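Student: With the input below, show me the fold.
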Amino acid sequence: MPTTYERERKLQAEISGRVERDLPGVDVLAVELVTPSRFCVYVDRPEGVDHALCARVTELLGDYLREYSVDVSSPGLERPLRRREHFAAVVGRRVRVRTPSLKLTGTVASVDERFLALRTDGGERVVPYAEIVRANLIDEGSVT
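Tutor: Numbers count the residues shown, from 1 in each chain. Presented below is the predicted three-dimensional model:
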């Protein structure tokens, strides 16, 4: 039986391909299983996310409604990060990263084609993108 992580990866590949093909300019940031029968798709686009876009994405994913409840959301302040380009856009900012064996919080130091370098309290850690289960930007706007 596939793990939650494997199911999310499969859904991410299927859904991002479909949405990004049918709705040019829309980026599927992440697909996260909320429960075994419910997932959330985080989308973004340069002009922002509104209810009409969420409804359109939900409509595109109608065949998943036989097996899942589907939520579609904007990324919010603690936006999901999964791919190299997501991390490249936040170099110098704080993030939370989870792999199957680690939970890390730190500052994105650098990115390359296969790895993320994360500056943590314990030094710099290199994390392959392929091992990232979840990662999110940390909203530091409310820190005083």
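
Student: Could you chop the protein up by domain?
Tutor: The record, using automatic domain parsing to delimit domains, assigns the chain the ranges 4-73, 84-137.

Student: The residue lying closest to R125 once chain neighbours are set aside pairs with what?
Tutor: In space, and not counting its chain neighbours, R125 is closest to L118: 4.9 Å by C-beta to C-beta, 6 or more residues apart in numbering. C-beta: built from backbone N, CA, C; applies to glycine. Per DSSP bridges, the residues bridged to L118 are V108, R125.

Student: so what pLDDT did L118 get?
Tutor: Per-residue confidence (pLDDT) for L118: 97.

Student: Strands of this protein, residue ranges please.
Tutor: 27-35, 38-44, 69-73, 94-98, 103-111, 115-120, 123-128, 134-137 (DSSP state E).

Student: what would the ones you listed look like in CSV with distance to V57?
Tutor: As requested, the strands of the chain are arranged in CSV below (distance: least, C-beta to C-beta, whole Å):
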stretch, distance to V57
strand 27-35, 8
strand 38-44, 6
strand 69-73, 5
strand 94-98, 25
strand 103-111, 27
strand 115-120, 27
strand 123-128, 29
strand 134-137, 20
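
Student: Compute the inter-axis angle for the longest helix along the chain and strand 38-44.
Tutor: With DSSP state H setting the assignment, residue counts place helix 4-22 as the longest helix in the chain. With axes from the mean of the first three to the mean of the last three C-alpha atoms, to 10 degrees as the criterion, the two stretches helix 4-22 and strand 38-44 enclose an angle of 50 degrees.
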